[in-house]
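Q: sequence isn't available, so here's the structure alone:
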């Protein structure tokens, strides 16, 4: 049986050399609250490209200053950010990786000075700031910010854009009835709660025709919240709009106890993949090549997203290949030590 983890995967005209994806993980390393790329980002991301990761998705990058999770987040709200991302993309592509960026807005989970925004004026918890309920103007400006962020990502040369609709941030807040108590066209029914994401996707697609992913939190872990079956419907709507892949995570919308174990979110990927007939990525305590290969061989996902394991081992693809008994090509400079 051919090893699937190291087989290529094509979306539109972009081919990843393998099915290993570096999931976006915030580095909180931008200086001076300006959102710019630093040497840390150049080292961090390029190391994983040298390690033969097929697709590297840069961390949650804010489309607006008030949309940062923290003051040290990366930003793409200004044309001044494009130069740094262009350099970073070039460094990663030099080593054969395809490149992605996650466009994000933190919503009520922003830990910043000044006003923060959300669909409803509900704090995440008793320690967090109460956000302002977004006006129609705020909504329109934020949709435009996502569009401008996508336009800048295209100029920087990224291969993939991922819209961050997970982990309790702004888009996730609109999707869930736990955080969206609006009574206008952006609240109430599932179709109305989806409207903000729908509008963001439509706006992004006016400036972007490459592979488009959306990350979702497929389970709120709350009896009155959303479950994976609800996300089948959302994913069907995303597919109709031209989204190519759903990156399936879970949780973080509201404080909740989550039982975690190896691969604990893979079943949500499987549910959405089969229920909506759309490609998915699986993430969450995936640590070994054997585990990743099982997910792909049993068609529980199309791509395997790794997070903390790639922090521990930048050369994880080599580790997994040895575990699975296959050889993968490494950097020419490392030939004497790669086999």
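A: Done, it's in. Please read these numbers as outputs of a predicted model, since none were measured by experiment.

Q: which parts of the stretch 151-300 of the chain are helices?
A: 170-175, 190-205, 228-241, 266-276, 289-297 (DSSP state H, counting those that start in this stretch).

Q: and residue 10, what does it touch?
A: Shown in contact with residue 10 (Cβ atoms under 8 Å, 6 or more residues apart in numbering): residue 16. C-beta coordinates here come from the backbone N, C-alpha and C atoms, glycine included.

Q: mind checking which helix or strand it is in?
A: Using DSSP states H and E, residue 10 falls within strand 9-11.

Q: partners of that strand, with directions?
A: Take DSSP bridges as the rule and strand 9-11 pairs in its sheet with strand 14-16 (antiparallel).

Q: distance from the strand it pairs with to the middle of the chain?
A: Here strand 14-16 is found 17 Å from its chain centre; the criterion is Cα atoms, centre = their mean, to the nearest Å.

Q: give the other helices and strands that the helix or strand following that strand contacts.
A: Downstream of strand 14-16, the first helix or strand assigned by DSSP H and E is strand 20-22. Helices and strands touching strand 20-22, by 3 or more Cβ pairs under 8 Å, 6 or more residues apart in numbering; DSSP states H and E, are strand 55-62, strand 303-306, helix 316-324.

Q: adding mean neighbour count, distance to residue 95 and mean pLDDT, write those out as JSON lines.
A: What follows is the helices and strands packed on strand 20-22, written out as JSON lines (neighbours: other Cβ atoms under 10 Å; distance: least, Cβ to Cβ, whole Å; pLDDT from 0 to 100):
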{"stretch": "strand 55-62", "mean neighbour count": "27", "distance to residue 95": "10", "mean pLDDT": "98"}
{"stretch": "strand 303-306", "mean neighbour count": "27", "distance to residue 95": "17", "mean pLDDT": "98"}
{"stretch": "helix 316-324", "mean neighbour count": "20", "distance to residue 95": "12", "mean pLDDT": "97"}
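
Q: tabulate the ones you listed (a markdown table), appending distance to residue 246.
A: Shown next, in a markdown table, are these (distance: least, Cβ to Cβ, whole Å):
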| stretch | distance to residue 246 |
| --- | --- |
| strand 55-62 | 14 |
| strand 303-306 | 10 |
| helix 316-324 | 23 |
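
Q: and of the ones you listed, who's closest to residue 275?
A: strand 303-306 (17.9 Å; Cβ to Cβ).

Q: and the closest one, which strands flank it?
A: strand 20-22 (parallel), strand 280-282 (parallel).

Q: sorry, back to before: out of the helices of the stretch 151-300 of the chain, deepest packed?
A: helix 170-175 (a mean of 28; mean count of other Cβ atoms under 10 Å).

Q: any chance you could list what contacts that helix?
A: Defining contact as Cβ under 8 Å, 6+ apart, one finds that helix 170-175 is touched by 67, 104-108, 117-120, 142, 163-166, 179-180, 186, 193-197, 200, 216-217, 226, 234, 252-253.

Q: try stretch 323-334
A: With contact meaning Cβ under 8 Å, 6+ apart, stretch 323-334 is reached by 3, 5-6, 18, 50, 52, 95, 288-290, 293, 317-318, 321, 338-339.

Q: now swap in stretch 221-231 and tell me
A: 175-178, 190, 216, 218-220, 246, 248, 250-251, 253-254, 256-258, 267-268, 271-272, 275.

Q: now stretch 200-207
A: Under the criterion Cβ under 8 Å, 6+ apart, residues 103, 143-144, 146-147, 150-151, 154, 161, 163, 171, 212, 214, 238, 241-243 lie in contact with stretch 200-207.

Q: make a PyMOL selection of the buried ones in those.
A: To isolate the buried members of those in PyMOL, using 16 or more other Cβ atoms under 10 Å:
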select buried, resi 103+143+146+147+150+151+154+161+163+171+212+214+238+241+243
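
Q: count the neighbours of residue 181 for me.
A: 13 (other Cβ atoms under 10 Å).

Q: let me know the distance separating it from residue 161.
A: 30 Å (Cβ to Cβ, to the nearest Å).

Q: and for residue 73?
A: Distance, residue 73 to residue 161, by Cβ to Cβ: 17 Å.

Q: try residue 283
A: 18 Å.

Q: quickly note the distance from residue 179 to residue 156.
A: Counting by Cβ to Cβ, the gap from residue 179 to residue 156 is 31 Å.

Q: quick one: which of those two has more around it?
A: More crowded of residue 179 and residue 156, by other Cβ under 10 Å: residue 179, with 24 against 21.
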